[in-house]
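A.B. asks: pasted the sequence and its predicted model underneath.
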Amino acid sequence: MKVVLADLWKINLDHSLENNCLVDAPNQLKKGSTTTYVLAQTNEHLASDTIRNASLYLPYSALTIDHLAFGQRLYFDLENYPFYQRVVELIGEHGMKGILRYRRTLNSIEDTPLFIGDLYILTSLLGKPVDIQVKQTKGSQASMHTICLIHFGNGRLAHIECTLSKQERIEFEWSGVNKIIEFDSHHMEPIHPSQNASLSMTYSLDSILRNAHEVTEELIGDLDYIKDLLDGGRLV
Amino acid sequence: MKIGIMSFAHMHAYSYADAIHKLPNVELVAIFDECLERGSEVAKQFNTIHYINQEEFLALEMDAVIISSENNRHKEMVVNAAKAKKHILCEKPIAITLEDAQDMIQVCKEEGVMLQIAYPVRFSKPIRKLKKMIDDGELGDVLAFRSTNRGQNPGGWFIDKEQSGGGAVLDHTVHMVDIMRWILNDEVVEVKALVDSYFHDIPIDDAGLLTLEFANGVIASHDASWSRFTEYPTWGDVVIEVIGTKQTVKVDAFSEHIRVFSKEEKSLENHFYGDDMDFGLVQDFINCVKKGSEPSITGYDGLKSLEVALAAYKSSELKKSICL
């Protein structure tokens, strides 16, 4: 039995190849079923003993240390967006040399794990950083805006930024050699005025199942390293 | 008012000459250019006289000159023009070293002439609107900036370090740093940058990312590059986003455009229809000369933005943050 905890505004169950079922509570899960169950990513669901024995898929944004167990599978918001999957193909097709400017706008500071996940996914794409500097706004407005300047070596630079602004948005600009790639989730919204949930910020259940990462010591170590960077802004 | 232009090495000289022609009671009396072919062509184009000798040119009766030479010749031309008692509008960057910039400012002060630096972005209508919004408190306290100034490789002397003093980072950092300083009325105190050559096979930088911190704690990210190729719909961009405590506002100085699709070399081309910021710059300079007022963009403004660009190179070379 697979159980996927997800932000129900973001997950798209249309056309899924999985036999899936959206349920309201863990007590609706049928043990031994081949169905993939989808549940809202609430703290209550996370703490439920019922889902602990399932093959569990957790969004990194919902993860706390209390709920962590090796062997579970983590998935990252950015990695599952269709636009990002296309971007990865395009950058791969045309070589990796270039400059990335990426900005995640978040609703609130509680959503910061989304940005940590973004940094993990982007560094997985661009390579091991050889130089990182983190700057954050100060004082009472600490964390309102974060700038990560990263040198990946081998001709790759990035400004990866995060702004708190009561909305969710992703802006991605890749300046490569004779190839420029631009994405802005606001500009790519297919419905105007936009609805409660942004259609350009949704991803499929199949993508989650395909791209999720097994929780290992190495993965947790990498994520903790990024979290420390944002907390302390240290230079390596 | 009589104006002369010293050198058409920089492409902006052409739009400055256009601006002079559009202004009433302002005359382009002559141009000085050591390149005989270019000087003759330009003189014909703008219906004026070409001088190949700088001394003879500066002996003419003129109120002011616009200097649009290679960067490494700004100092020589500014000093000579100042000694000839001409007010000066000097193309950016003010110079290729801080020492040269300081000397230029000092000479102009001693000779009692105005030295204005050509930062036309200050005359962009959307940028001026942004400044007013900030001054009126609509954004609250400014916390951070995000800016880009990315264009095409201009080639020629721009990619010869001896003549230009630096590549894309020098060329495309000073504009936006000037705008940030103008908005904040504060100075950059720390620069961390990564500078490299990515997009062209040239012996000079064409890419740079800068992170800045101002004395009041405001932070900024800036992307300066020659990453745009000729097939891109526009030559490049000038974009600044201001993150304030009340709201975040993004301004694109070239967003006023129509999109033209065709089967030509560029399948999509942006045609800008907004205000001509070069015209605004020249008009402001002429007005300052007429009134005898302080220039709206001083030599010191030129020096401080140059200081940040040069610190970016140093930061990248030494792989550390540079405190100013």
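C.D. replies: That came through, no problem. Numbering: from 1, shown residues only, chains lettered A, B, ... in the order given.

A.B. asks: going forward, measure contacts between C-alpha atoms and count neighbours the same way
C.D. replies: Noted.

A.B. asks: show me which residues of chain A are close to chain B?
C.D. replies: Remark: the part of chain A in contact with chain B comprises A:97-98, A:133, A:135-138, A:141, A:145, A:147, A:149, A:151, A:155, A:157-159, A:165, A:175-178, using Cα under 8 Å from any Cα of the partner chain.

A.B. asks: in helices, which of these fall?
C.D. replies: Per DSSP state H, helices hold no members of the residues of chain A next to chain B.

A.B. asks: can you flag the buried ones in those?
C.D. replies: A:97-98, A:133, A:135-138, A:145, A:147, A:149, A:151, A:155, A:157-159, A:165, A:175-177 (16 or more other Cα atoms under 10 Å in any protein chain shown).

A.B. asks: up against chain A, what does the stretch 151-300 of chain B have?
C.D. replies: Taking Cα under 8 Å from any Cα as the criterion, the neighbours of chain A within the stretch 151-300 of chain B are B:192, B:194, B:196, B:198-200, B:209-211, B:217-221, B:227-229, B:243, B:245, B:247-248.

A.B. asks: show me where chain A has strands.
C.D. replies: With DSSP state E, the ranges of strands along chain A come out as A:2-6, A:11-12, A:20-22, A:36-40, A:55-59, A:73-75, A:98-106, A:131-136, A:145-151, A:156-164, A:169-176, A:179-184, A:203-204, A:213-214.

A.B. asks: could you dump these into TSV with mean pLDDT added?
C.D. replies: Formatted as TSV, these follow (pLDDT from 0 to 100):
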stretch	mean pLDDT
strand A:2-6	94
strand A:11-12	92
strand A:20-22	93
strand A:36-40	95
strand A:55-59	92
strand A:73-75	94
strand A:98-106	96
strand A:131-136	92
strand A:145-151	95
strand A:156-164	96
strand A:169-176	95
strand A:179-184	94
strand A:203-204	96
strand A:213-214	94
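
A.B. asks: now the ones you listed in CSV, with distance to residue A:124?
C.D. replies: As requested, these are arranged in CSV below (distance: least, Cα to Cα, whole Å):
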stretch, distance to residue A:124
strand A:2-6, 23
strand A:11-12, 23
strand A:20-22, 30
strand A:36-40, 27
strand A:55-59, 17
strand A:73-75, 14
strand A:98-106, 14
strand A:131-136, 15
strand A:145-151, 13
strand A:156-164, 13
strand A:169-176, 16
strand A:179-184, 18
strand A:203-204, 20
strand A:213-214, 12
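
A.B. asks: between the ones you listed, which one is closest to residue A:232.
C.D. replies: Closest of these to residue A:232 is strand A:131-136, at 8.3 Å (criterion: Cα to Cα).

A.B. asks: out of the residues of the stretch 151-300 of chain B next to chain A, which are buried?
C.D. replies: In those, burial by neighbour count holds for B:192, B:194, B:196, B:198-200, B:209-211, B:217-221, B:227-229, B:243, B:245, B:248, counting by 16+ other Cα under 10 Å.

A.B. asks: tell me the bridge partners for residue B:298.
C.D. replies: In this entry, residue B:298 is beta-bridged to residue B:116, by DSSP bridges.

A.B. asks: that should have said residue A:179, apologies.
C.D. replies: Beta-bridge pairing for residue A:179 (DSSP bridges): residue A:176.

A.B. asks: quick check: the residue of the stretch 151-300 of chain B nearest chain A.
C.D. replies: Distances between the stretch 151-300 of chain B and chain A by Cα to the nearest Cα are smallest at residue B:199, namely 5.1 Å.

A.B. asks: so what's that residue scoring on pLDDT?
C.D. replies: What the model reports for residue B:199 is a pLDDT of 92.

A.B. asks: that one and residue B:206 touch, don't they?
C.D. replies: Yes: with the criterion set as Cα atoms under 8 Å, residue B:199 and residue B:206 qualify as a contacting pair; they are 6.6 Å apart.

A.B. asks: enumerate every residue touching the residue of chain A found nearest chain B.
C.D. replies: Closest approach of chain A to chain B (Cα to the nearest Cα) occurs at residue A:177, with a separation of 5.1 Å. By Cα atoms under 8 Å, 6 or more residues apart in numbering or on different chains, the contact set of residue A:177 is A:94, A:97-98, B:198-200, B:227.

A.B. asks: would you mind listing what in the stretch 1-150 of chain B touches chain A?
C.D. replies: In this structure, the stretch 1-150 of chain B approaches chain A at residues B:143-144, judged by Cα under 8 Å from any Cα.

A.B. asks: so the closest residue to chain A within the stretch 1-150 of chain B: helix, strand or coil?
C.D. replies: Relative to chain A, the nearest point of the stretch 1-150 of chain B is residue B:143 (6.3 Å; Cα to the nearest Cα). Classification of residue B:143 by DSSP: H, G, I helix; E, B strand; the rest coil places it in strand.

A.B. asks: and for it, the neighbour number?
C.D. replies: Applying other Cα atoms under 10 Å in any protein chain shown, we find 23 other residues in the vicinity of residue B:143.

A.B. asks: same check on the one 3 residues further on?
C.D. replies: Counted with other Cα under 10 Å, residues neighbouring residue B:146 total 22.

A.B. asks: pretty sure it is touching residue B:222, no?
C.D. replies: Yes: in this structure, residue B:146 sits in contact with residue B:222. The criterion is Cα under 8 Å, and the distance is 6.0 Å.

A.B. asks: chain center to stretch A:8-26: distance?
C.D. replies: Relative to its chain's centre, stretch A:8-26 lies at 18 Å (Cα atoms, centre = their mean, to the nearest Å).

A.B. asks: contacting residues for residue 159?
C.D. replies: This is for chain A. A:100-102, A:147-150, B:209, B:221.

A.B. asks: um, chain B though
C.D. replies: With contacts defined as Cα under 8 Å, 6+ apart, the neighbours of residue B:159 are B:166-167, B:202-204.

A.B. asks: and with 6 Å instead?
C.D. replies: With Cα atoms under 6 Å, 6 or more residues apart in numbering or on different chains as the criterion, the residues that contact residue B:159 are residue B:204.

A.B. asks: any idea how far residue B:174 is from it?
C.D. replies: With distances defined as Cα to Cα, to the nearest Å, the gap from residue B:159 to residue B:174 amounts to 17 Å.

A.B. asks: next, count neighbours for the closest residue in space to residue B:149 that isn't next to it in sequence.
C.D. replies: Taking Cα to Cα, 6 or more residues apart in numbering or on different chains as the measure, residue B:149 lies nearest to residue B:238, with 4.7 Å between them; neighbours along the chain are not counted. One way to gauge burial is a neighbour count; for residue B:238, by other Cα under 10 Å, it gives 20.

A.B. asks: how about residue B:238, secondary structure?
C.D. replies: strand.

A.B. asks: tell me, what's the model's pLDDT at it?
C.D. replies: According to the model's per-residue confidence, residue B:238 sits at a pLDDT of 96.

A.B. asks: ok, it - contacts?
C.D. replies: Contacts for residue B:238 were tallied using Cα under 6 Å, 6+ apart; they are B:148-149, B:253.

A.B. asks: now do the contacts for the most centrally placed residue in chain A.
C.D. replies: Geometric centre of chain A, nearest residue: residue A:77, 2.6 Å, by Cα atoms, centre = their mean. The neighbours of residue A:77, taking Cα under 6 Å, 6+ apart as the test, come to nothing; the list is empty.

A.B. asks: average pLDDT for stretch B:2-9?
C.D. replies: Stretch B:2-9 shows a mean pLDDT of 98 in the predicted model.

A.B. asks: quick one: furthest residue from the center of chain B?
C.D. replies: With Cα atoms, centre = their mean as the measure, chain B has its most outlying C-alpha, relative to the mean C-alpha position, at residue B:263: 33.9 Å.

A.B. asks: a strand runs through it, doesn't it?
C.D. replies: No: with the criterion set as three-state DSSP, the secondary structure at residue B:263 is coil rather than a strand.

A.B. asks: all good on my end, thank you.
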